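1. make a model of this:
(one chain, ligands or ions: 1)
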Amino acid sequence: MPASMDLAAHIRNVPDFPKPGIQFKDITSLLLVPDAFAHVIDTFKARYTAQPIDAIVGIDARGFIFGSALSYAMHLPFVPARKHGKLPGKTIEESFELEYGTDRVAIHDDALHAGQRVLILDDLLATGGTALAVARLIQRLGAEVVEAAFVVELPPLNGRKKLEGIPVHSLVEFMVD
Ligand code: AMP
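-> Numbering: from 1, shown residues only. The predicted structure follows:
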């Protein structure tokens, strides 16, 4: 296997960021290696060519990096799911729980339409709260969530369980909290 395809080796672990106890999985180190970044996009492209989709929803902010690259590669619409207050048009919003308090995510209400087959894309699946809120937004617009895809998954945080009913696909798993 070429070194660039060993994706786990390109993801830097930053202990205690943004706060003590968190093992932050930093994908910016992967982005510095064009062959590794291309391998991520090519792998997703092969999967969603076989399992057709109509649009990609990327999650603020690192989901924009992978989501827009995949949209370009597949010539599909890209829809940003943004933090509350950032999108200029008419939006719909969903709240989700953080460790302390809640946050809100939004999409433009005309970005998707009923019947579209949509892929959710983000850099990392932890507890699944963020992706679940985005899935609800997509479903509220009448579109179908075909799958939620991630470069990294942290299985001990049980994100798949929270996303029950939504297929989940990830490229790299780290067995840490
Ligand atoms: P969650 O809603 O718990 O699944 O958290 C997922 C979101 O938080 C993603 O957008 C990630 O970018 C970010 N995130 C959560 N935990 C980590 C981590 N350990 N390393 C890097 N990003 C993380």
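2. contact partners of the longest helix along the chain?
-> Assignment by DSSP state H gives helix 34-50 as the longest helix of the chain. Contact partners of helix 34-50, identified using Cβ atoms under 8 Å, 6 or more residues apart in numbering, comprise 2, 4-5, 7, 10, 30-31, 66, 69-70, 73-74, 119, 121, 146-147, 149, 151, 169, 171. The way it works is simple: take the backbone N, C-alpha and C, and place the C-beta from them, glycine included.
3. of those, which are in range of the ligand?
-> Among the contacts of helix 34-50, no residue sits close to the ligand (Cβ under 6 Å from any ligand atom).
4. buried members of those into PyMOL, please.
-> Buried residues within the contacts of helix 34-50, by 16 or more other Cβ atoms under 10 Å, are selected in PyMOL with:
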select buried, resi 4+7+10+30+31+66+69+70+74+119+121+146+147+149+151+169+171
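5. in strands only, show me the contacts of helix 34-50.
-> 119, 121, 146-147, 149, 151, 169, 171 (DSSP state E).
6. save these as TSV, and put in pLDDT too.
-> Compiled in TSV, the ones in strands among the contacts of helix 34-50 are given as follows (pLDDT from 0 to 100):
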residue	pLDDT
119	99
121	98
146	98
147	98
149	99
151	98
169	98
171	98
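7. with those residues in mind, which one is nearest to the ligand?
-> Checking these against the ligand with Cβ to the nearest ligand atom, the nearest one is residue 151 at 9.6 Å.
8. list the contacts for the residue nearest to the spatial centre of the chain?
-> By Cα atoms, centre = their mean, the chain has its centre lying nearest to residue 122, at 1.4 Å. Neighbouring residues of residue 122 by Cβ under 8 Å, 6+ apart: 58-59, 62-63, 66-67, 130-131, 148-150.
9. distance check, it against residue 60.
-> 9 Å (Cβ to Cβ, to the nearest Å).
10. can you pick the most crowded of the contacts of residue 122?
-> For those, counting by other Cβ atoms under 10 Å, the largest number of neighbours falls to residue 131: 30 neighbours.
11. got the residues of this structure near the ligand?
-> 22-25, 59, 62, 122-130, 159.
12. just the ones in strands from the residues you listed, please.
-> Among those, the ones falling in strands (DSSP E) are 23-25, 59, 122-125.
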